[in-house]
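Trainee: Provide a 3D model corresponding to the input given below.
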Amino acid sequence: MSEAAHDTSQDDLIEDRIENHDATVVDKDPYEVDIADFNLANPHLFSSDKLWPWFKRLREEDPVHYCRDSMFGPYWSVTRYDDIMKVDTSHDIYSSEPTITVGDLQEDFQLSMFIAMDRPKHDEQRAVVNPVVRGDQLRNFEPLIRERTREVLDSLPIGEEFNWVDKVSIELTTRMLATLFDFPFEDRTKLTRWSDVATAIPGMGIIENEDQRREELLECLATFTELWNERVKEEPKGDFISMLAHGSATQEMDPLEYLGNIILLIVGGNDTSRNSMTASVLCQNLFPDQFEKLKANPALIPSMVAETIRWQTPLAYMRRTAKEDTILGGKQIKKGDKVLMWYVSGNRDDSHFENPDDYIIDRRNVRSHLSFGFGIHRCMGNSVGEMQLRILWEEILERFDRIEVVGDAERIPSSFVRGYASLPVVLHAKK
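Mentor: You can find the predicted model right below:
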């Protein structure tokens, strides 16, 4: 594949805008800031976990809010549950193209992926890989997930501090990713790295600039091209690469479209499960009464899984682009405007969830959470993610009296992925 000439001016613009993120915003009272100046895509709000009152004020006073200036340009924030559902299910009005994130694609490195496509191409490509995480294939995963979960948990130290993110969340999700792709198991840590690189903001810890992102993702493409060339010569199998190589809607993809879909599947399989696993441990410490409720009644584990995914909301938002002039929440949205559905806000909307900031493992309407999206783009791997978290907690309750959080959670600087870099814990053996 020949790489287009690099546009250094585009990188310079991106890097200049990164410096314009307002780190001091986290110390401000959102009720004393002009609401017209709100920019909720500022990653510092998320890394500090101080986003909640900002979203609360928007839900109360300006639920469809226009951000006139940000490093990503202007965009609309949709913050109430019902309005988000309206956007997410109105595919004739709101497009997923050209991208699902607030930042625009680089002109010479556009990674097309089916989550950022409209019908019919979206449906055709999604249908190719969907069987990997559905039906008999999904049921066949359970014994393997349980075996690996037991192996990881049994390797952990008792009574010694360690980072739950590294030792458990990343390890379990990376093992699952390697299975879904039939990726060389000994190289599985590359999958986590590529996921992090794909979603990172340059200059904030993972990558320094867009050049580095491009370089590492092209390495990802080279690796997966080798695997494609192997699978296309073999009989079709039940992994993502084989499905893409043999699918009628995907076998003629150009290299960047192939890379885009690979990155989509890696990120989708990594971030939801990994960060929900970490959040579940954090929540049992923040809300000890709920942990006692869970220990007393392990049958609540499936409900606890859903509540964890609601409370955490692993992907904070999804973007749409207006296909036409339209009205939403009394606001005039113009054709071409960026519209961000803030799932993280809709999941804390008290018009839909009672006491939404609390963690309640037997919440009555918990499965109506927005974390997986709705409509044609609803998360394809939601059942795998829920299964991983359910099995993890079934095995935790068999082994440990509790998992004690012994320090502050370190959150990643991203307004898209609500993730964790570390969570220090100590395990206490079951008596």
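
Trainee: which residues in the stretch 251-400 of the chain form strands?
Mentor: For the stretch 251-400 of the chain, the strands defined by DSSP state E, counting those that start in this stretch occupy 318-322, 326-328, 331-333, 338-341, 400-405.

Trainee: To residue 81, which of the ones you listed lies closest?
Mentor: Of all these, strand 338-341 sits nearest to residue 81, with 10.3 Å by C-beta to C-beta. All C-beta spots, glycine's among them, are computed from the backbone N, C-alpha and C.

Trainee: sorry, back to before: could you identify which of the strands of the stretch 251-400 of the chain is most buried?
Mentor: Mean neighbour count (mean count of other C-beta atoms under 10 Å) peaks for strand 338-341 among these, with a mean of 26.

Trainee: about what we covered before: and the strands of the stretch 251-400 of the chain: which comes nearest residue 302?
Mentor: strand 400-405 (19.4 Å).

Trainee: Now find how far off-centre the closest one is within its chain.
Mentor: On the basis of C-alpha atoms, centre = their mean, to the nearest Å, strand 400-405 is displaced by 26 Å from the centre of the chain it belongs to.

Trainee: And the strands of the stretch 251-400 of the chain: which comes nearest residue 124?
Mentor: Taking C-beta to C-beta, strand 318-322 is the member of these nearest to residue 124, at 20.1 Å.

Trainee: Show me what the closest one pairs with in its sheet, parallel or antiparallel.
Mentor: Using DSSP bridges, strand 318-322 pairs in its sheet with strand 94-95 (antiparallel), strand 338-341 (antiparallel).

Trainee: any idea of the mean pLDDT for it?
Mentor: The predicted model assigns strand 318-322 a mean pLDDT of 97.

Trainee: Render the CA-only coordinates of it in PDB, please.
Mentor: The C-alpha trace of strand 318-322 is given here as PDB (Å, rounded to 0.1, in the frame of the first residue of the first chain):
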ATOM      1  CA  MET A 318     -20.900   8.700  20.000                       C
ATOM      2  CA  ARG A 319     -21.000  11.300  17.300                       C
ATOM      3  CA  ARG A 320     -23.500  11.700  14.500                       C
ATOM      4  CA  THR A 321     -23.600  14.200  11.700                       C
ATOM      5  CA  ALA A 322     -26.800  15.900  10.700                       C
END
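
Trainee: got a list of contacts for it?
Mentor: 75, 87-88, 93-102, 333-341, 343, 373, 377 (C-beta atoms under 8 Å, 6 or more residues apart in numbering).

Trainee: From these, list the buried ones, please.
Mentor: Using 16 or more other C-beta atoms under 10 Å as the burial test, those include 75, 87-88, 93-96, 99-102, 333, 337-341, 343, 373, 377 as buried.

Trainee: Alright, that wraps it up for me.
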